[in-house]
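In: sequence first, predicted coordinates after that:
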Amino acid sequence: MTATTTVRTAARVVDAVKVYGSGDTGVRALDGVSVDFPAGRFTAIMGPSGSGKSTLMHCAAGLDSLTSGAAYIGGTDLGSLDDRRLTLLRRDRVGFVFQAFNLVPTLTVAENITLPLDLAGGGGDREWVDALVDVVGLRDRLHHRPTELSGGQQQRVAVARAFAGQPDVVFADEPTGNLDSRSGEEVLGLLGRAARQTSRTVVMVTHDPVAAAHADEVVFLADGRLVDRMESPTADKVLDRMKAFEVTPRTEGPS
Ligand SMILES: Nc1ncnc2c1ncn2[C@@H]1O[C@H](COP(=O)(O)OP(=O)(O)OP(=O)(O)O)[C@@H](O)[C@H]1O
């Protein structure tokens, strides 16, 4: 008997074009990108500044709309949803981790983690949340406020919050941008562990090769296009690939 494995796709964009503005001043931030983010994997999006990383993440997550092409979470075409259904999809099926943590200062750690579940009006799966508290190592901080925590601890709360609703996919935008390298390493290790231990999908935007090396795969953007993918990345291999972008000859500017 032949074993066949079907790789499920948690999120994908097809022929994605995003133009900001119009006419002469229009910026083509995404220029026909097709990429899939396989379920249960940790994928990093890398590329030079202005290459379209954040735009890709925002469009794939339903935070922004495409000019043309399509974005899917699971089998759902985001372009087919009205604003209300899109908001519900983001709440119920997508988790977010941002550079700025975005915790609610008046709530405890425990309340911050369960906030998405409480906003959704249901209790969610309390056993899942309880297990997450151990994954992120915050059991002894549950009744503290965010201001009583270090930056790394605050980001760990944000990671737990992002996974609390058992989302199809967690999007992280420069999650270590505000952290020192040690706390950053902890949060990246945690994102990887949370993805693998819970079989969830993580998509992370980063400009840092060391951060990208924590992912299972790196996709590279340049000038709004997908230019490469790398399995089992190391920081050195990612850095080498990024250096190739820097030596790309430019057609404008002083010679
Ligand atoms: N709201 C906007 N209005 C106009 N142009 C925008 C807007 N957002 C992004 N852009 C432009 O789109 C292009 C891609 O931007 P994007 O932020 O996606 O790149 P990035 O790779 O995430 O960059 P960085 O690493 O610097 O954050 C850039 O040229 C940027 O100036």
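Out: Structure received. Numbering: from 1, shown residues only.

In: so which elements touch the longest helix along the chain?
Out: Criterion DSSP state H: the longest helix present in the chain is helix 181-198. If contacts are counted by 3 or more C-beta pairs under 8 Å, 6 or more residues apart in numbering; DSSP states H and E, helix 181-198 sits against strand 42-46, helix 126-135, helix 151-164, strand 169-173, strand 201-205, helix 209-212. (Each C-beta comes from the backbone N, C-alpha and C, glycine too.)

In: just put those in JSON lines and tack on mean neighbour count, distance to residue 222 and mean pLDDT.
Out: Shown next, in JSON lines, are those (neighbours: other C-beta atoms under 10 Å; distance: least, C-beta to C-beta, whole Å; pLDDT from 0 to 100):
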{"stretch": "strand 42-46", "mean neighbour count": "26", "distance to residue 222": "10", "mean pLDDT": "96"}
{"stretch": "helix 126-135", "mean neighbour count": "14", "distance to residue 222": "35", "mean pLDDT": "87"}
{"stretch": "helix 151-164", "mean neighbour count": "24", "distance to residue 222": "28", "mean pLDDT": "92"}
{"stretch": "strand 169-173", "mean neighbour count": "25", "distance to residue 222": "19", "mean pLDDT": "95"}
{"stretch": "strand 201-205", "mean neighbour count": "27", "distance to residue 222": "14", "mean pLDDT": "96"}
{"stretch": "helix 209-212", "mean neighbour count": "23", "distance to residue 222": "15", "mean pLDDT": "94"}
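
In: just so I know, which of those lies nearest residue 65?
Out: Nearest of those to residue 65, taken as C-beta to C-beta: strand 169-173 at 15.6 Å.

In: the stretch 1-150 of the chain: strands as residue ranges?
Out: Taking DSSP state E, counting those that start in this stretch, the strands of the stretch 1-150 of the chain run over residues 9-20, 27-38, 42-46, 68-73, 76-77, 94-98.
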